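Visitor: have a look; sequence and predicted model below, questions after that.
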Amino acid sequence: MKKMLLVIAGILCAFSLTANASEGKHKLTPEQKALRKEMIEKYDTNKDGKLDKQERARISTEDRERMQKAGLGGKKKHENKESQ
C-alpha cells in the first residue's frame, strides 16, 4: 500500500513539473520569427545559428529596441547597470 501511494505521488509530481515547464514556452509570431532570423543573419559572426554573449553585445541600440518592441528578449542585467 505504501509503495502504491509513493508511486502515485511520484507520478503526480512528474506530471506537475512537465505541466509547469510547458507553460513557460510560447510560440513566436511570424513577425517575431522574421525579426529573429534577421538579427541572427546580421550578428551571427561564427555562423552557428545562435548569438553567443559576444555577438549579443554587438547588437545596436536600435536593433535592441526593435527586438524589445517585438517581444523578443527582455532587459538584461548589464543594460540595467548602463542606465544607472
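Guide: Noted; the coordinates are in hand.
Visitor: three-state assignment of the residue positioned nearest the centre of the chain?
Guide: Taking C-alpha atoms, centre = their mean, the centroid of the chain lies closest to Gly73, which sits 6.9 Å from it. Under DSSP: H, G, I helix; E, B strand; the rest coil, Gly73 falls in the coil class.
Visitor: what sits closest to it if chain neighbours are left out?
Guide: Closest residue to Gly73 apart from its sequence neighbours, by C-beta to C-beta, 6 or more residues apart in numbering: Met67 at 5.1 Å. To be clear about C-beta, it is placed using only N, CA and C from the backbone, and glycine gets the same treatment.
Visitor: what separates the one you found from Met4, distance-wise?
Guide: Met67 sits 51 Å away from Met4, going by C-beta to C-beta, to the nearest Å.
Visitor: what of Glu41?
Guide: Applying C-beta to C-beta to Glu41 and Met4 gives a distance of 55 Å.
Visitor: pLDDT below threshold where in this protein?
Guide: The chain contains residues with pLDDT under 70 at 19-25, 74-84.
Visitor: let's see 50
Guide: 77-84 (pLDDT under 50).
Visitor: all helices for it, in order.
Guide: Ranges of helices within the chain are 2-23, 30-43, 53-57, 61-70, 77-83, based on DSSP state H.
Visitor: quick one, phi psi at Arg58?
Guide: The phi/psi pair for Arg58 (degrees, to the nearest 10) reads phi -90, psi 0.
Visitor: which residue packs closest to it, ignoring adjacent ones?
Guide: Tyr43 (5.9 Å).
Visitor: quick one: residues contacting the one you found.
Guide: Counting by C-beta atoms under 8 Å, 6 or more residues apart in numbering, Tyr43 touches Leu51, Glu55, Arg56, Arg58, Ile59, Asp63.
Visitor: what's the closest of the residues you listed to Glu31?
Guide: Closest approach to Glu31 among the contacts of Tyr43 (C-beta to C-beta): Asp63, at 14.8 Å.
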